[in-house]
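Asks: Provided below are the primary sequence and the corresponding predicted coordinates.
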Amino acid sequence: MRYWLFKSEPSAWSWQMQQKAGAKGTFWSGVRNHLAKQNLSAMRSGDLGFFYHSNDGKDVVGIVEVIREAYPDPTAEAGEPWVVVDVKAAKPMPKPVTLAMVKAEPKLAKMSLITSARLSVQPVTEAEWNIICKMGGLKP
DNA sequence: GCCAACGTTGGC
DNA sequence: GCCAACGTTGGC
């Protein structure tokens, strides 16, 4: 089981929209970065990810579960290498964890969210996962 | 709205 | 293969 972080601008795709998509979930499209693509490819069914609102909010607002592993991005041009995974909303954060809270926690200083701010799909370590769940009011 | 970080493109 | 120019992301 691995952990991830998905970034989205709420104006493009918000947590509320993800929740409305329900148990069937949706594909996570639009990744056009090779490192992010590698991360998508490494995901397995059942992996969990934080849903992070960039720009507007700047907070972890929920948890999604990977329900289908990487396959070609339906929104990509023919011949392009991009992939998507399907995710569904698993549970909301009782208390959203803001970027400011992450930055204020020394144990999270090495998170990709801080060190690779522009990467849209990031790995999260188990230790980081547990800390943020706790900050968000979830039992580990 | 600005700007830093960073990835990509294209000229050489 | 280098690197300057340019575009995009995302925090402030």
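Replies: Alright, I've got the coordinates.

Asks: What strands line up against the host helix or strand of A:Phe51, and which way round?
Replies: Per DSSP states H and E, A:Phe51 falls inside strand A:48-53. Its sheet considered, strand A:48-53 pairs with strand A:3-8 (parallel), strand A:59-72 (antiparallel) by DSSP bridges.

Asks: Determine which stretch of these is the most buried.
Replies: The highest mean neighbour count among the strands paired with strand A:48-53, using mean count of other CB atoms under 10 Å, belongs to strand A:3-8: a mean of 22. C-betas here are computed from N, CA, C, even on glycine.

Asks: quick one: contacts of that one?
Replies: A:14, A:28, A:39, A:43, A:47-54, A:60, A:64, A:66, A:87, A:112-113, A:119-126, A:128-129 (CB atoms under 8 Å, 6 or more residues apart in numbering).

Asks: can you check stretch A:107-122 too?
Replies: Residues from elsewhere that reach stretch A:107-122 (CB under 8 Å, 6+ apart): A:4-7, A:28, A:30-31, A:33, A:35-37, A:39-40, A:52, A:99, A:102-103, A:123-124, A:127-128, A:131-132.

Asks: Select only the buried ones of these in ChimeraX?
Replies: Restricted to buried positions by 16 or more other CB atoms under 10 Å, the ChimeraX selection for these reads:
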select /A:4,5,6,7,28,30,31,36,37,39,40,52,99,102,123,124,128,131,132
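
Asks: from the contacts of stretch A:107-122, which ones fall inside strands?
Replies: Counting by DSSP state E, the part of those found in strands is A:Trp4, A:Leu5, A:Phe6, A:Lys7, A:Tyr52, A:Pro123, A:Val124.

Asks: ok, back up a step: how about the strand holding A:Phe51, does it get close to DNA strand B?
Replies: No. Between strand A:48-53 and DNA strand B, judged by CB under 7 Å from any atom of the strand, nothing touches; the nearest distance is 14.6 Å.
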